[in-house]
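> Dropping the sequence and predicted coords here.
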Amino acid sequence: MEWIYNFKDPLWETFVGSILIFVAVVTLTRIIGLRSFAKFTAYDFAFTVAIGSIISSTLTSSTTILHGATAIASLLILTYTFSYLQRKFSKLSAVISNKPLLLMNGDEILYDNLKYARIEKTQLIAKLREANVLDFDQVEAVVLESTGDISVLHKSSSEMKLNSDILEGVRKKP
């Protein structure tokens, strides 16, 4: 029965620790801003994984709440600093962030770009189905975003054309 619950486990400490870490994360996120848990870049992803790991080790090991909160605060400050530096220095942004990649240009599938991005045609087709595309003629563009998400831009009425700003920064070739 010890695999279900061991009476030596400090269950109340875990409960109180969870509340304190939750309060610390919410408070720090409010101070640093909404960007804290965004997924724009590779470092945003790494940050989110690191925060999860810190919370886990704080709640399940001998790491103190104060140490866990300090580690989370350090990561949030680092994320804030990097986002500020990215706005100031475009070259840093280019090093940290992947540029979006065009996967379809109109009804044409860009197979070299799919291969470069390691995306199968079947995965692309699945994303088209999710976007309610019935025919390739309905597609204006498909973009692999820097977050790893795939955006499907539909053609609308024949009078409306795609604004070139929408594809600003999107690589046409790998």
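Cool, the structure landed.

> Which of the helices or strands spans the closest residue in space to Ala73 that isn't next to it in sequence?
With Cβ to Cβ, 6 or more residues apart in numbering as the measure, Leu28 is the residue that lies nearest to Ala73, at 5.4 Å, once sequence neighbours are left out. (Glycine included, C-beta is placed from N, CA and C.) Secondary structure assigned from DSSP states H and E places Leu28 in helix 11-32.

> And for that helix, what's in contact with it?
5, 36-37, 51, 55, 58-60, 65, 68-69, 72-73, 76-77, 79-80 (Cβ atoms under 8 Å, 6 or more residues apart in numbering).

> Strands along this structure, start to end?
Taking DSSP state E as the criterion, the chain contains strands spanning 101-105, 108-109, 139-144, 150-154.

> Could I get the ones you listed in TSV, plus columns for mean neighbour count and distance to Glu130?
Shown next, in TSV, are the strands of the chain (neighbours: other Cβ atoms under 10 Å; distance: least, Cβ to Cβ, whole Å):
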stretch	mean neighbour count	distance to Glu130
strand 101-105	21	14
strand 108-109	14	16
strand 139-144	21	11
strand 150-154	17	8
